[in-house]
Structure formats: C-alpha cells, structure tokens
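Engineer: A structural model of the following input is requested.
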Amino acid sequence: MSEVTVRKQRPKHLAVHEIRLPLPGIVSILHRVSGAGLFLLLPFLLFLFGRSLGSPETFATFEAVVSHPLAKLLLLGLLWAYLHHFCAGIRFLLLDLHQGLDLPSARNSARIVLVVSLALTVIIGVKLW
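Structural biologist: Model (predicted):
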C-alpha cells in the first residue's frame, strides 16, 4: 500500500465507560484486583492474626477491632477477594491445561466463578458475622 491511503481516525482518549467487556474479561480483571487487594491488605491481616494469638490483653484489642462495622465490612470484602481469587485461579489453571477454551465453555466457567465466589462469600459471611 502506498502512503496515499486514507488513515483511520483514532480517538484521542479512551472512553472506558463505553467499552463492553465480555464476562471472561471481567473475571480476569477481578482476579487481578482481588490479588492486589489481598496483597495490599496482608499487613492488616497479619496485625489481626498477631493480636488474636497474643495475651488476653491483645486479644481484647483484636475483639475491639473486629467488632467495628467497618472492619467487618473490610473483612467481608477480603473474604470475597480470597474466594474469587481462589475460584478464578482454578479456572485459569484449567484453561492452561486446555480445558474449556471454546467460547461457550469460557463464558460458562466465568459465570460459575462469579456465582460460586459470591455464594460462598454470603454463606461464610453469614456464619462469621
């Protein structure tokens, strides 16, 4: 082709709100976000773990922190992040083994990951709350 061909006008900015991402793409992004969230909040979890295993005074600190509604909400979010990251990780391992690579199977497995992670979060969260 010559340089005389008409070039396609490219957008100057990316309109993220207009992009329609497929369900497997959403699960992939949530897998990355949940992994990053788990990594960044690991010091908080280690702090809580240390307070729960120490003396009775430090356990009282643990109880005070965990009984706060915002801490409960944060721990519920961490529970979802762990369960989603775990379920999506199993899905990606199966994809690496060339299982479920066709489009209907990929969409179905992504749907299963979302449903199972949310259902487990609700079940475990109700038991722990």
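
Engineer: correct me, but Leu101 touches Leu95?
Structural biologist: Yes. Assessed by CB atoms under 8 Å, Leu101 is found in contact with Leu95 at 6.5 Å. For the C-beta atoms, the positions are set from N, CA and C on the backbone; glycine is no exception.

Engineer: who's more crowded, those two?
Structural biologist: Leu95 (15 against 10; other CB atoms under 10 Å).

Engineer: give me the element that one is part of.
Structural biologist: Secondary structure from DSSP states H and E places Leu95 in helix 69-96.

Engineer: now that helix: buried residues?
Structural biologist: 75-76, 78-88, 91 (16 or more other CB atoms under 10 Å).

Engineer: which other helices and strands contact it?
Structural biologist: Packing partners of helix 69-96 (3 or more CB pairs under 8 Å, 6 or more residues apart in numbering; DSSP states H and E): helix 23-40, helix 56-66, helix 103-128.

Engineer: right, and those - which one's nearest Phe47?
Structural biologist: Using CB to CB as the criterion, the shortest distance between Phe47 and the helices and strands packed on helix 69-96 is 8.3 Å, found for helix 56-66.

Engineer: okay, the closest one in PDB with CA atoms only?
Structural biologist: Output in PDB follows, covering the C-alpha atoms of helix 56-66 (Å, rounded to 0.1, in the frame of the first residue of the first chain):
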ATOM      1  CA  PRO A  56      -5.600 -11.800  76.800                       C
ATOM      2  CA  GLU A  57      -5.000  -8.000  76.500                       C
ATOM      3  CA  THR A  58      -4.000  -8.200  72.800                       C
ATOM      4  CA  PHE A  59      -7.000 -10.500  72.200                       C
ATOM      5  CA  ALA A  60      -9.200  -7.700  73.600                       C
ATOM      6  CA  THR A  61      -7.600  -5.400  71.100                       C
ATOM      7  CA  PHE A  62      -8.400  -8.000  68.300                       C
ATOM      8  CA  GLU A  63     -12.100  -8.200  69.500                       C
ATOM      9  CA  ALA A  64     -12.400  -4.400  69.600                       C
ATOM     10  CA  VAL A  65     -11.100  -4.000  66.000                       C
ATOM     11  CA  VAL A  66     -13.100  -6.900  64.600                       C
END
